[in-house]
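Trainee: sequence first, then the predicted structure:
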Amino acid sequence: MSAPRFRVAEPADAEQLIGLMVRTFRETYSSDHFGICRPADVEEYIAEYFGPEVQQAELADPAMRTILADCDGELAGYGQLRLGSASPAAPGPRPCEVARFYVDRPWQGRGLAAQLMRECIRAAGDADPLWLGVYEHNRRARAFYAKCGFVPVGRSTFRMGGDVQDDCILALQPNRP
Ligand SMILES: CC(C)(COP(=O)(O)OP(=O)(O)OC[C@H]1O[C@@H](n2cnc3c(N)ncnc32)[C@H](O)[C@@H]1OP(=O)(O)O)[C@@H](O)C(=O)NCCC(=O)NCCS
């Protein structure tokens, strides 16, 4: 596998992106290490948000910016920014949410996630704050975000299908190195 190239997604990427979204979401939340997410809730979320119409609309939305890690035409990960999306836990003048951040399993633990986050931070420009929500039981993601300079600023809830989960809200520290 050659080194990944990072680029902003276009509407033509929708089909391949949806494949990656569905696969990584299922792997993340249906896997044993959480053990708490019901498969029916996972599938309900997938049906609600990862269909072609929703994704075509998100890719065309100027407030959304999707960064892809592309390895020879195969997608290895993606980060989705929602410009202007605010959280009461992370007030600031130019909020931007990292709404989704997923790296395909063969690429986890290999540094690609850190590169992808750097690209997302670059794409967020002068966002203040850059923030995200992470499932409280997702220890690996929380450890990764801490390495990237995100710190806990509050809590929120996240609806997955019929389940309401507790999320930690993190914000990127200002004046990071
Ligand atoms: C979260 C994610 C992007 C992190 O990327 P990654 O390549 O796995 O990250 P890294 O290996 O660089 O860092 C993860 C850190 O978690 C910790 N970690 C590694 N494996 C772990 C495990 N099985 N359980 C708990 N923590 C773990 C380590 O501290 C590791 O850092 P270190 O090896 O430098 O000490 C990636 O794992 C992923 O896409 N996961 C599935 C999707 C997801 O959960 N997205 C976040 C949604 S909010």
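Mentor: That came through, no problem.
Trainee: near the ligand, which residues of the chain?
Mentor: Contact residues (CB under 6 Å from any ligand atom) of the chain with the ligand: 24, 28, 101-103, 108-109, 113-114, 134, 138-141, 143-144, 147. Quick note: C-beta positions are derived from backbone N, CA and C, even for glycine.
Trainee: and if we set it to 5 Å?
Mentor: 28, 102-103, 108-109, 113, 134, 139-141, 143-144 (CB under 5 Å from any ligand atom).
Trainee: list buried residues within those residues.
Mentor: When those are checked for burial by 16 or more other CB atoms under 10 Å, the buried set is 28, 102-103, 108, 113, 134, 141, 144.
Trainee: buried stuff in the helix or strand encompassing residue 21?
Mentor: With elements taken from DSSP states H and E, the one containing residue 21 is helix 14-29. Residues 14, 17-18, 20-22, 24-25, 28-29 are the ones in helix 14-29 that count as buried (16+ other CB under 10 Å).
Trainee: quick one: least confident of these?
Mentor: Of all the buried residues of helix 14-29, residue 29 carries the smallest pLDDT score, 89.
Trainee: nearest residue to that one other than its sequence neighbours?
Mentor: In this structure, residue 29 finds its nearest non-sequential neighbour in residue 37, 4.3 Å apart by CB to CB, 6 or more residues apart in numbering.
Trainee: burial of that neighbour, as a residue count?
Mentor: Residues contacting residue 37 under the criterion other CB atoms under 10 Å number 19.
Trainee: same deal with residue 146?
Mentor: Residue 146, neighbours per other CB under 10 Å, totals 12.
Trainee: part of a helix, is it?
Mentor: Yes. The assignment for residue 146 (DSSP: H, G, I helix; E, B strand; the rest coil) places it in a helix.
Trainee: ok so, going back, what is the subsequent helix or strand relative to the helix holding residue 21?
Mentor: Per DSSP H and E, the first helix or strand lying C-terminal to helix 14-29 is helix 39-49.
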